[in-house]
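>>> Quick one, what's the 3D model for this:
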Amino acid sequence: MNGDENWLAALTTIAVLALYELAVFVAQRRAPERLARTAHAALRAEWFAAVSAERGTEVLAVQTLRNSLMSATMTASTAVLGLMGTATLAAPSLHASLGEAMSHSTHLTVRLALELVLMALLFASFVSSAMAVRYYNHVSFISAMPVGSDTRARWADAGTNYIRRAGLLYSWGLRQLVLVAPVLASILHPYAGPLTALVVVFVLIGFERVQKS
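The predicted model follows:
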């Protein structure tokens, strides 16, 4: 494979993933109830309203949020470990590229470009998951407040917003972690990237559908 074919395969991989995200964004604006990420955001908000209206649910609410917090923590840990490993493997290429930049003969290779995209996805996944942990932590404090108290009522709107944000951020972090697969496949072999991207998009479309009985 020549350099132009490598670039074409890599750009095709990125384009497939970008078009998927764009299509989901448009669908989300038109019919949010049909997509899992927005439907589940509404579900979490309704759950918080339900536990806020029923006395004696404080402990159950905190335990439920603790499970969600641990899931987001695991995603953040996985992303940061992957980021450190990728940065270690990409260090020689980055060092060579910086050396070429100093000599005014910079040449961005396909592999280096994909490694930078890979690190960007992992970093985005880490930040999204870490912020989800932050919001879940805030909601835990609110949910632990006695139901019916003035303090709980004062923080009710904030709790609803925080639980929505936490779920959406966790969803973004997990999805960005999944999108690592096509980029990694493209690094191993350029033509594997587009095929893997199509498979991943097909799987994600299935997850995006709301399953209702």
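>>> contacting residues around stretch 133-146?
Stretch 133-146 has contacts (CB atoms under 8 Å, 6 or more residues apart in numbering) with 48, 51-52, 55, 58, 61-62, 65-66, 68-69, 72-73, 76, 151-152, 155-156, 158-159, 162-163, 165-166, 169. Every residue, glycine included, has its C-beta placed from N, CA and C.
>>> Please, a ChimeraX command that selects the buried ones among the residues you listed?
Buried subset of the contacts of stretch 133-146, written as a ChimeraX selection, criterion 16 or more other CB atoms under 10 Å:
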select :48,51,52,58,61,62,65,68,69,72,76,152,155,156,159,162,163,165,166,169
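>>> Narrow the contacts of stretch 133-146 to those in strands?
Using DSSP state E, no member of the contacts of stretch 133-146 falls within strands.
>>> chain center to the strand or helix carrying Ala91: distance?
Using DSSP states H and E, the element containing Ala91 is helix 58-102. Put simply, helix 58-102 sits 11 Å off its chain's centre (CA atoms, centre = their mean, to the nearest Å).
>>> before we move on, what about stretch 118-128?
Relative to the chain's own centre, stretch 118-128 is displaced by 8 Å; criterion: CA atoms, centre = their mean.
>>> got it, and stretch 196-205?
With CA atoms, centre = their mean, you get 15 Å for stretch 196-205.
>>> What of stretch 184-202?
Stretch 184-202 sits 19 Å away from the centroid of its parent chain (CA atoms, centre = their mean).
>>> How about stretch 20-27?
Its chain's C-alpha centre lies 15 Å from the corresponding centre of stretch 20-27 when counted by CA atoms, centre = their mean.
>>> Can you report the mean pLDDT over the residues of it?
Stretch 20-27 carries an average pLDDT of 88.
>>> repeat for stretch 197-204
Here the average pLDDT along stretch 197-204 is 92.
>>> for stretch 130-138, same thing?
Mean pLDDT, stretch 130-138: 95.
>>> What are the buried residues along that stretch?
By neighbour count with 16+ other CB under 10 Å, stretch 130-138 contains the buried residues Ala130, Met131, Ala132, Val133, Arg134, Tyr135, Tyr136, His138.
>>> Which of those sits closest to Val201?
Comparing the buried residues of stretch 130-138 against Val201 with CB to CB places Ala132 closest, at 23.2 Å.
>>> still on that earlier bit, for the buried residues of stretch 130-138, could you give me JSON lines that also reports secondary structure and distance to Pro182?
Output for the buried residues of stretch 130-138, formatted as JSON lines (DSSP: H, G, I helix; E, B strand; the rest coil; distance: CB to CB, whole Å):
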{"residue": "Ala130", "secondary structure": "helix", "distance to Pro182": "24"}
{"residue": "Met131", "secondary structure": "helix", "distance to Pro182": "24"}
{"residue": "Ala132", "secondary structure": "helix", "distance to Pro182": "23"}
{"residue": "Val133", "secondary structure": "helix", "distance to Pro182": "26"}
{"residue": "Arg134", "secondary structure": "helix", "distance to Pro182": "29"}
{"residue": "Tyr135", "secondary structure": "helix", "distance to Pro182": "29"}
{"residue": "Tyr136", "secondary structure": "helix", "distance to Pro182": "29"}
{"residue": "His138", "secondary structure": "helix", "distance to Pro182": "34"}
